[in-house]
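>>> Pasting the sequence and the predicted coordinates here, then a few questions.
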Amino acid sequence: MTVKDADIARALVSVLGADHEVVAERLRAEPGGVHCARLAGGERIWVVSRYEDVRSLLADPRLALNKKASLAGYEGFGLPPALEANLLNLDGEDHARLRRLVSSAFTARRVEGLRELIQARADALIDGIPAEASEGGVADLVAAFAAPLPIAVICDLLGVPGEQGATLRGYTQVLLAPGEFGPAEVAGTMRGIIGLLAGLLAAKRDEPGDDLLSAMIAARDGADRLSEDELLSLAFLILFAGYENSVHVISAATARLLADPAAVETIRQQADPHAPAMTAMVEEILRRDQPGTTAIRRFPTEDIALGDGVVIPAGDTVLLSVSSANRDAQATAPGAGHVTFGQGVHYCLGAPLARLEVRIALWTLLNRLPDLALAVPPEELVWRSSHRQRSLAALPVVVGKVLPVSSPE
């Protein structure tokens with residue numbers, strides 16, 4: 001018997017329901033903040049919900065990411081072998097080695113160097129939104145802005161040419177909504193992604209550029225370097241993880257902000273996306289509106305005891321509820337900090353890029369679209385929910401006038 005993500009999703013929804021905020025509150029009220037559910041075959045999964053436990057366990061080396069530590073035979077997405085050699089499937093020295101190599105290419109300087117590109121991409125998309133609107137002036141902000149902006153940025157970062165970027169965006173749409181496509185289409189999409197990324201890597205070897213793919217090919221740690229499968233896997237991880245989460249944060253945050261005129265006005269009063277007040281607001285948005293309901297699954301390498309006498313056996317599947325932990329009162333205490341990007345050695349490598357992207361996206365939207373408003377009441381927005389994430393299916397908005405790009409003083 002093997003365990004897939006779909007098995008976990010069905011178990012949690014049947015036991016807890018689909019509303020992640022209600023689930024989060026219920027989980028924190030459980031003794032010890034831990035809930036056990038069983039899959040159809042009887043396998044246990046454990047959901048940990050309280051801030052201190054989640055924060056601690058995210059950095060606990062006794063919780064493995066490697067699927068080999070699962071006694072139930074966890075398969076998850078069932079990625080092809082060429083995409084499995086990434087940071088989300090490795091622990092210990094294997095993980096440390098890979099992270100050292102990719103970190104030498106994914107530098108803070110490279111991310112900060114994307115400021116002007118991200119701003120230009122955001123402005124160009126906003127200029128095009130009126131053409132996407134219906135006769136009534138209503139546009140879907142997910143399709144017109146929140147989705148194309150991150151994929152354009154990731155392609156800029158990786159050095160993906162424009163036409164291939166459009167192809168990748170089509171592939172990611174299939175992976176973001178697998179329930180809407182059959183197994184054959186999903187498998188074909190995986191083959192397409194591998195083929196496209198492999199072709200890009202070959203081209204970068206022949207003609208390196210000032211981009212992340214070229215830097216990853218050139219990365220060295222002594223005599224060590226990334227293998228072909230590691231390069232493919234990391235490129236896929238950066239593409240998919242960087243794209244998916246940013247789409248959902250930008251769209252969910254925009255929806256919530258448009259229902260809060262005071263917050264909108266605060267953003268419009270900032271001189272630019274990088275003002276201290278914008279930085280603080282984005283941190284709160286990342287705490288409150290993060291799309292991930294749980295961190296990536298983990299497997300204890302030994303029995304782990306939590307509060308109130310709960311013991312999670314070695315080899316069981318553990319889901320750390322990020323959405324619940326971030327809504328715990330302890331997460332808002334001075335100096336606490338959210339757990340959206342994880343903790344410890346598995347802290348998200350792309351966190352600086354995500355922060356930069358969200359700041360620019362929200363500030364630019366609200367400053368260049370002064371009439372922007374929800375086209376439907378907030379309660380009528382359609383959300384997709386699973387044990388992994390909660391995201392908007394669409395964000396219908398009234399656009400109104402578009403202000404020109406401000407000239408730098």
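Here it is on my side, so go on.
>>> okay, Ser407: pLDDT?
Per-residue confidence (pLDDT) for Ser407: 57.
>>> Same check on Thr254?
97.
>>> for Arg368, same thing?
97.
>>> count of neighbours near it?
By other Cβ atoms under 10 Å, the residues close to Arg368 number 19. The C-beta positions use only the backbone N, C-alpha and C, and glycine is treated the same way.
>>> surely it meets Val402?
Yes - counting by Cβ atoms under 8 Å, Val402 is a contact partner of Arg368 at 6.0 Å.
>>> isn't there a strand covering Val397?
Yes - the assignment for Val397 is a strand, going by DSSP: H, G, I helix; E, B strand; the rest coil.
>>> How many neighbouring residues does it have?
The number of residues packed near Val397 is 27, by other Cβ under 10 Å.
>>> mind listing what it touches?
Residues near Val397 by Cβ atoms under 8 Å, 6 or more residues apart in numbering: Val138, Ala139, Asp140, Leu141, Thr254, Leu258, Leu372, Ala373, Leu374, Ala375.
>>> phi, psi of the third one?
Dihedral angles phi and psi of Asp140 (degrees, to the nearest 10) take the values phi -90, psi 110.
>>> next one: the last one
For Ala375, the backbone dihedrals (degrees, to the nearest 10) come out as phi -90, psi -10.
>>> swap in the first one?
Per-residue torsions, Val138: phi -100, psi 130 (degrees, to the nearest 10).
>>> May I ask you to confirm that it is in contact with Ala394?
No - here Val138 does not reach Ala394: they are 10.5 Å apart, not a contact under Cβ under 8 Å.
>>> where do the contact lists of Arg368 and Val402 overlap?
Common neighbours of Arg368 and Val402 (Cβ under 8 Å, 6+ apart) are Ile126.
>>> circling back: out of the contacts of Val397, which are inside strands?
If you go by DSSP state E, these have Val138, Ala139, Asp140, Ala373, Leu374 in strands.
>>> Put together JSON lines for the residues you listed, with neighbour count and pLDDT on each row.
JSON lines is the format used below for those (neighbours: other Cβ atoms under 10 Å; pLDDT from 0 to 100):
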{"residue": "Val138", "neighbour count": "16", "pLDDT": "93"}
{"residue": "Ala139", "neighbour count": "24", "pLDDT": "95"}
{"residue": "Asp140", "neighbour count": "21", "pLDDT": "96"}
{"residue": "Ala373", "neighbour count": "13", "pLDDT": "96"}
{"residue": "Leu374", "neighbour count": "18", "pLDDT": "96"}
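>>> Which two among those residues are spaced furthest apart?
Asp140 and Ala373 (14.1 Å; Cβ to Cβ).
>>> three-state assignment of Gly199?
On the basis of three-state DSSP, Gly199 is classed as helix.
>>> returning to what we had before: any chance of the contacts of Val397 in a markdown table, plus distance to Arg384?
As requested, those are exported to a markdown table (distance: Cβ to Cβ, whole Å):
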| residue | distance to Arg384 |
| --- | --- |
| Val138 | 20 |
| Ala139 | 20 |
| Asp140 | 14 |
| Leu141 | 16 |
| Thr254 | 16 |
| Leu258 | 19 |
| Leu372 | 23 |
| Ala373 | 23 |
| Leu374 | 18 |
| Ala375 | 19 |
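>>> what residue lies at the spatial centre of this structure?
Asn245 (2.6 Å; Cα atoms, centre = their mean).
>>> Can you report how many residues neighbour the residue nearest to that residue when sequence neighbours are not counted?
Nearest residue to Asn245, sequence neighbours excluded (Cβ to Cβ, 6 or more residues apart in numbering): Pro291, at 5.7 Å. Neighbours of Pro291 under the rule other Cβ under 10 Å: 23.
>>> Over to Ser103?
12.
>>> For it, which residues are in contact?
Per Cβ under 8 Å, 6+ apart, neighbours of Ser103: Leu349.
>>> Can you check what pLDDT the model gives it?
pLDDT, read off for Ser103, is 89.
>>> any idea how far it is from Tyr347?
11 Å (Cβ to Cβ, to the nearest Å).
>>> cool, Ile304 as well?
From Ile304 over to Tyr347 the distance is 20 Å, taken as Cβ to Cβ.
>>> same question, Leu149
Using Cβ to Cβ, Leu149 is found at 24 Å from Tyr347.
>>> Also Tyr74?
Distance from Tyr74 to Tyr347, by Cβ to Cβ: 23 Å.
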